[in-house]
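1. Generate a structure from the sequence data that follows.
(one chain, ligands or ions: 1)
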Amino acid sequence: MREIRVRFAPSPTGPLHIGGARTALYNYLFAKKHNGKFLLRIEDTDQNRYVPGAEEYIVEALTWCGIHFDEGVGIEGPHAPYRQSERKHLYFEYAEKLINEGKAYYAFDTTDELDAMRERLTSRGVATPQYDYLSRYEMKNSLVLSPEEVKQRLEAGEQYVIRCLIPSEKEIVVNDLIRGEVIVHSSRLDDKVLFKSDGMPTYHLANIVDDHLMEITHVIRGEEWLPSAPLHVLLYEYFGWQAPEFAHLPLLLKPDGNGKLSKRDGDRLGFPVFPLRWVDPKSKEISSGYRESGYLPTAFVNMLALLGWNPGTQQEIFTMEELIEAFSIDRVGKHGSKYDPEKAKWFNHHYLSSLSDLEIAKLLHDQLVGKGIETDMSRLIKIAPLIKDRITLIPDIWEQSAFFFTSPNVYDEKMKNKVWRLDTPDMLNSIKKFISDQNDLSPEVLEPALKDFIQQSGLNMGQVMNTLRLALVGSAFGPGIAGIIYVLGKENTIERINLLLSS
Ligand code: GLU
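-> The predicted structure is shown next:
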């Protein structure tokens, strides 16, 4: 059996949108599932749209997601180079071959002449005026000009393009693994440009030639490429090559389902649409990323996987290995999937709260370092289990634990008015004494002991707990009191009680 080989072939025109990340992920899962290879090819033939930093961004984003490629830019492989601009020398001979076989032709039309052609067709009532079987014989190309004139023009260095000669009467069948048979009549296609006189192929030619040379077996890409697929199928036929299988993935939709998810939706509704933060090199505009917003790559990947694919069961939580195991193209839906920002948070909460205490402690440690707060790991490991269930995004780890690092300097007025009574100072003093008498502050021991003490002293449980919380946190916030005392330790707990007493 042929080895399964798939590729992710982004153009470095900006940061990778989550739709692109999903395409990469599905390719990766498909390759791994079938013990195949996943390639990263950079399609940078359109120099006008090239954005510096975009390629590095794409590689970094894939690496963050844990989507590793077997061949591609940076790591190379048997079909190197994997950057189309470095393969430039390869493409002309293929365009020339098509010309020699009468399947493509030189065209010398200027922009003005192309505009005039469109106007002419429009005035004749043609709905989609384009360079095709209707118009090509009225234009300046090697189908019309004599061979001598074509030769002269080429030798004189005149600007030209090479266009694909599309047959006028042909049903082109694209077999799509997701959509089934898509039949397009060739009369609807235009004679697409395959090669330009700047020595660069267009996307269509380079894509087909490279997929062939790189032995790609399955082309899994976004739905926006479906209109190009008939031309690609025709080109495979023209070259006499076996076409790969196609699978066009449905769009990622806005949360309300009305149209394609765009960066503007993210800005408007407050969620990132890019895996990593991106600073536009020209405008300096900053776009937020999942990584910087505090998402774990495991959560991001799990969420992405289910945006368009479903396992056919109720299971929602998947590791990468489980996704590889469960993934199949048959279970990718035909219809667009609505992006749900709340579900993304749900996944992140799940993955964050499933981390070990040490892992959470490390994340907290990184945040403390950023804030210039020094502390030892053993304290952070004590904090981790207390905040675990209260964190959705990584910055919440700091927000949920900030009070451990600074004593309250203001108290919630409303809460204070509610809990404070004449005998509160006596009560707090007796609690102070109780705490300083304890040998073991671990919550399992302290919590029942504190409760016993409160009961035996005839104090009101709710009132004591709320007052203690006011002293230790400053407000009605935070995990259980015993846990807080455990982390703060005797000295700091008593210090904070004194602080409230003297406020
Ligand atoms: N370079 C195209 C893109 O930017 C690739 C499309 C394809 O996978 O064929 O998405």
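
2. residues in contact with Leu386?
-> Shown in contact with Leu386 (C-beta atoms under 8 Å, 6 or more residues apart in numbering): Ser401, Pro479, Gly480, Gly483, Ile484, Val487. Any C-beta I mention is one placed from the backbone N, CA and C, and that applies to glycine too.

3. ditto for Asp115
-> Asp115 neighbours (C-beta under 8 Å, 6+ apart): none.

4. ok now the host helix or strand of it, how far from the chain's centre?
-> According to DSSP states H and E, Asp115 maps onto helix 111-123. Between the centre of helix 111-123 and the centre of its chain there are 41 Å (C-alpha atoms, centre = their mean, to the nearest Å).

5. Tell me the helix or strand right after it.
-> Downstream of helix 111-123, the next assigned helix or strand under DSSP H and E is helix 147-155.

6. And that next one, what does it pack against?
-> The helices and strands touching helix 147-155, judged by 3 or more C-beta pairs under 8 Å, 6 or more residues apart in numbering; DSSP states H and E, are strand 104-107.

7. Now do the strand it packs on: distance to the chain's middle.
-> When distances are taken as C-alpha atoms, centre = their mean, strand 104-107 is centred 40 Å away from the chain's centroid.

8. cool, and stretch 127-137?
-> Relative to the chain's own centre, stretch 127-137 is displaced by 39 Å; criterion: C-alpha atoms, centre = their mean.

9. Enumerate the positions of it that are buried.
-> Residues of stretch 127-137 classed as buried: Pro129, Gln130, Tyr131, Asp132, Tyr133, Leu134, Ser135, Arg136 (neighbour count, 16 or more other C-beta atoms under 10 Å).

10. in the one helix or strand in the chain whose mean pLDDT sits lowest, what's buried?
-> Least confident helix or strand of the chain, by mean pLDDT, DSSP states H and E, is helix 263-269 with a mean of 90. Buried residues in helix 263-269, counted by 16+ other C-beta under 10 Å: Lys263, Asp265, Gly266.

11. Quick one: residues in contact with that helix.
-> Contacts for helix 263-269 (C-beta under 8 Å, 6+ apart): His17, Lys254, Pro255, Pro272, Val273, Phe274, Ser287, Ser288, Tyr339, Pro341.

12. now that helix: how far from the chain's centre is it?
-> With C-alpha atoms, centre = their mean, you get 15 Å for helix 263-269.

13. List the contacts of the following helix or strand past that helix.
-> Per DSSP H and E, the first helix or strand lying C-terminal to helix 263-269 is strand 278-279. By C-beta under 8 Å, 6+ apart, the residues outside strand 278-279 that reach it are Gly14, Pro15, Tyr57, Glu285, Ile286, Ser287, Gly289.

14. quick one, what contacts the nearest residue to Pro311 once chain neighbours are set aside?
-> Excluding its sequence neighbours, the residue lying closest to Pro311 (C-beta to C-beta, 6 or more residues apart in numbering) is Ala326, at 4.8 Å. Counting by C-beta under 8 Å, 6+ apart, Ala326 makes contact with Pro311, Gln315, Phe318.

15. Give the residue spans of the stretch 351-500 of the chain that score low on pLDDT.
-> Applying pLDDT under 70 to the stretch 351-500 of the chain flags no residue at all.

16. Can you find the residue of it that comes nearest to the ligand?
-> Closest residue of the stretch 351-500 of the chain to the ligand, C-beta to the nearest ligand atom: Tyr351 (28.8 Å).

17. which SSE is that residue in?
-> Under the assignment here (DSSP H and E), Tyr351 is part of helix 341-353.

18. Can I get the longest helix along the chain in PDB, CA atoms only?
-> The longest helix of the chain (DSSP state H) is helix 481-501. Taking Å, rounded to 0.1, in the frame of the first residue of the first chain, the C-alpha atoms of helix 481-501 are listed here in PDB:
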ATOM      1  CA  ILE A 481     -10.200  29.100  55.500                       C
ATOM      2  CA  ALA A 482      -8.200  26.100  56.800                       C
ATOM      3  CA  GLY A 483      -6.300  25.900  53.500                       C
ATOM      4  CA  ILE A 484      -5.600  29.600  53.600                       C
ATOM      5  CA  ILE A 485      -4.200  29.400  57.200                       C
ATOM      6  CA  TYR A 486      -2.100  26.400  56.100                       C
ATOM      7  CA  VAL A 487      -0.400  28.400  53.300                       C
ATOM      8  CA  LEU A 488       0.000  31.600  55.400                       C
ATOM      9  CA  GLY A 489       1.400  29.800  58.400                       C
ATOM     10  CA  LYS A 490       1.000  30.700  62.000                       C
ATOM     11  CA  GLU A 491       2.900  34.000  62.000                       C
ATOM     12  CA  ASN A 492       1.400  35.600  59.000                       C
ATOM     13  CA  THR A 493      -2.100  34.400  60.000                       C
ATOM     14  CA  ILE A 494      -1.800  36.100  63.400                       C
ATOM     15  CA  GLU A 495      -0.200  39.100  61.800                       C
ATOM     16  CA  ARG A 496      -3.200  39.500  59.500                       C
ATOM     17  CA  ILE A 497      -5.700  39.100  62.400                       C
ATOM     18  CA  ASN A 498      -3.800  41.800  64.300                       C
ATOM     19  CA  LEU A 499      -4.000  44.000  61.200                       C
ATOM     20  CA  LEU A 500      -7.700  43.800  61.100                       C
ATOM     21  CA  LEU A 501      -8.000  44.300  64.800                       C
END
